[in-house]
Each structure stands twice: as C-alpha cells, then as structure tokens.
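>>> Predicted coordinates and the sequence they were generated for:
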Amino acid sequence: MTLIAKGLALSVAILIANANRTHSLLDASPCLPSSSGGAGMLARYQWVDTTTATLQIAWRQSLGLPSISVSQLTLVNDTTVCRRAVTAYNSILSDDLLPASPSVNVIRYGSTRYIIGDPAHVIGEWKHETVVDTSFVEIATAGR
C-alpha cells in the first residue's frame, strides 16, 4: 500500500469510528437512571423544600422554588421531558465550557418548575443544576 492509500484508509476508519460514537450518543436515553445521582438529588431538594433552616429557605427562594408539598417533587423518567431538559441544560451551560450532556437527571418541582442536573458536571466541589419553567426557560442556575 502506498503512503497515500494508507492515509486515506486511516481517515476513513476515523470517520466511521466517529460516526458510530455519535450514533450511540444519540441513541442513549436522555433520562439518567435514579441510581446515577437522581435519587440523591431528589432527596436534597425534598429536604430543602421542608427544612426550617433560614439559609436553606433563602437559597431555595433565590432559585425561584416555592415551598410546596414534598409529594409534588418527583424524578422524571419521561423521554420527551428529558430530551427537552438535555437541550435546555446544554444551552444554558454552554458558556461554562462544560462538555454537552447526553442525559440528565430531571426533577419535576410542582406544576411550574423542573430542576435539571448532570452528576458528571462538577467543577471543584460544585454540581451545576438549573431551574427552568415548564417551557424550559432558565429561571436560575445553582451550584451545590
């Protein structure tokens, strides 16, 4: 094989490998399983919703999260909602130079809010989570 033919063969192999990787990312579920941080994230926001600690109440309110019945906080497994959440999350955090998330944890917070997070998006000790309305428009982004 000539040097040009080897280079062409290598280029084709790289293109095929990248196409397969992109295809598998697109096929991945947009909803992370609860074992991938979702259960802990839900428990944290349930606690923040019910605590009487003044600083936690102020933090919750700064995120635009009202006090609601804890039964109204649920982990979302609906593919359509998660896909919209992934798109919103990646758009909102694109300025932070974080890699795009293929899937996220989503908490339904009452009838007017979602909280979106990816446990892989940690900078230092901070996990980035975004609060959006039901149209997936950003209300606040938190580090916790």
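That came through, no problem. None of these values were measured; they are calculated from a predicted model.

>>> Now do the contacts for residue 130.
Residues counted as contacts of residue 130 (Cβ atoms under 8 Å, 6 or more residues apart in numbering) are 88-89, 92-93, 115-117, 138, 140-142. Every residue, glycine included, has its C-beta placed from N, CA and C.

>>> Looking at neighbours, which among these is most surrounded?
The residue in the contacts of residue 130 with the most neighbours, by other Cβ atoms under 10 Å, is residue 89 (31 neighbours).

>>> Now do the contacts for it.
Applying Cβ under 8 Å, 6+ apart, the residues contacting residue 89 are 101, 104, 116-118, 130.

>>> Tell me where the longest strand sits in this structure.
For the chain, the longest strand by residue count, based on DSSP state E, is strand 113-123.

>>> Return the set of buried residues in the following helix or strand past that one.
Per DSSP states H and E, the first helix or strand lying C-terminal to strand 113-123 is strand 126-133. Of all the residues in strand 126-133, those buried under the rule 16 or more other Cβ atoms under 10 Å are 127-132.

>>> can you put these in TSV and add pLDDT?
TSV is the format used below for the buried residues of strand 126-133 (pLDDT from 0 to 100):
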residue	pLDDT
127	82
128	84
129	91
130	94
131	96
132	97
